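Q: Structure of the sequence below:
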Amino acid sequence: MRVLALDTTGPRGSLAVASEEGPLAEARVSTGEGHSRWVLGAVEALLAGLRLRVEDLDAIAVTTGPGSFTGL
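A: Reported below is the predicted structural model:
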């Protein structure tokens with residue numbers, strides 16, 4: 001199982017892909033821009049680095065509040 005995890009609840013954001021074996025890749029983003037400006041590009045780059053497509057994921061996990069809902 002491969003899971004993409006996104007955390008955009010604070011001023012910094014992070015994303016990771018993990019499997020049963022553990023983390024495959026992770027990235028942390030610190031920018032003055034809102035999460036909605038960088039999150040999709042960061043997901044694409046992380047997946048490309050692993051040679052995965054969105055279709056290869058089994059689940060997507062997100063954190064909730066108190067951050068911006070557009071980041072999620």
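Q: Distance of the residue lying farthest from the centre of the chain relative to Ser36?
A: Among residues of the chain, the one most distant from the C-alpha centroid is Glu21; the distance is 18.3 Å, by Cα atoms, centre = their mean. Applying Cβ to Cβ, to the nearest Å, the value for Glu21 to Ser36 is 31 Å. Bear in mind the C-beta positions are built from the backbone N, C-alpha and C, glycine included.
Q: what's the answer for Gly49, then?
A: From Gly49 across to Ser36, the span is 22 Å (Cβ to Cβ).
Q: nearest spatial neighbour of the spatially most central residue of the chain, skipping sequence neighbours?
A: Nearest to the geometric centre of the chain sits Leu15, at 3.0 Å (Cα atoms, centre = their mean). Spatial nearest neighbour of Leu15, chain neighbours left out: Leu6 (5.0 Å); criterion: Cβ to Cβ, 6 or more residues apart in numbering.
Q: Neighbours of the one you found, how many?
A: Leu6 has 19 neighbours, counted by other Cβ atoms under 10 Å.
Q: which residues sit in contact with it?
A: Residues in contact with Leu6, defined by Cβ atoms under 8 Å, 6 or more residues apart in numbering, are 13-15, 39, 43, 60-63, 72.
Q: Which single one of those residues is nearest to Val29?
A: Closest to Val29 out of those is Gly13 (4.6 Å), distances taken as Cβ to Cβ.
Q: give me the element Thr9 is part of.
A: Using DSSP states H and E, Thr9 sits in no helix or strand.
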